[in-house]
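*Asks:* any chance you could fold what I've pasted below:
(one chain, ligands or ions: 1)
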Amino acid sequence: MSAPASENSGSHDSPGDTAVCSAKGCREPAVWVLAWNNPKLHTPERRKTWLACEEHREHLSRFLGARDFLKDVVALDVWEGRGDGGGRGGSAADR
Ligand SMILES: [Zn+2]
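*Replies:* The predicted structure is shown next:
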């Protein structure tokens, strides 16, 4: 009666949920969201997003900014707290 000790049956490391920096080769957790739009490809309301760690935020935003694509840089937690597509009548009063 030997019960095998099953101590290691856990699916412990889910690669899933953590948002990772979009910079090439970077695997740092993202803390920033860069919202951008390429007017040649996208309608003006469309937002593509890149994620960036602290280190790559400037690099990526410069890349997008140089092309005039960059629309917004928002902290990830703020971005997610926005509740994409919520019907609360957003006020875009900061221009
Ligand atoms: Zn990075």
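*Asks:* now the strands for this structure?
*Replies:* Applying DSSP state E to the chain gives strands spanning 32-36, 48-52, 70-75.
*Asks:* most neighbours per residue, which of the ones you listed?
*Replies:* strand 32-36 (a mean of 22; mean count of other C-beta atoms under 10 Å). Quick note: C-beta positions are derived from backbone N, CA and C, even for glycine.
*Asks:* now do the helix-or-strand element of the chain with minimal mean pLDDT: everything it contacts.
*Replies:* Lowest on mean pLDDT, DSSP states H and E among the helices and strands of the chain sits helix 76-81, with a mean of 93. Residues outside helix 76-81 that contact it (C-beta atoms under 8 Å, 6 or more residues apart in numbering) are Ala19, Ala30, Val31, Trp32, Val33, Thr49, Leu51.
*Asks:* so which of the strands of the chain is nearest the ion?
*Replies:* strand 48-52 (5.9 Å; C-beta to the ion).
*Asks:* quick one: that closest one to strand 70-75, angle?
*Replies:* Counting by axes from the mean of the first three to the mean of the last three C-alpha atoms, to 10 degrees, strand 48-52 lies at 40 degrees to strand 70-75.
*Asks:* angle of strand 48-52 against strand 32-36?
*Replies:* 150 degrees.
*Asks:* quick one: contacts for His42?
*Replies:* Lys48.
*Asks:* could you redo the last one with a cut-off of 10 Å?
*Replies:* Applying C-beta atoms under 10 Å, 6 or more residues apart in numbering, we find His42 in contact with Trp36, Lys48, Phe69.
*Asks:* now Pro44
*Replies:* Asn37, Lys71.
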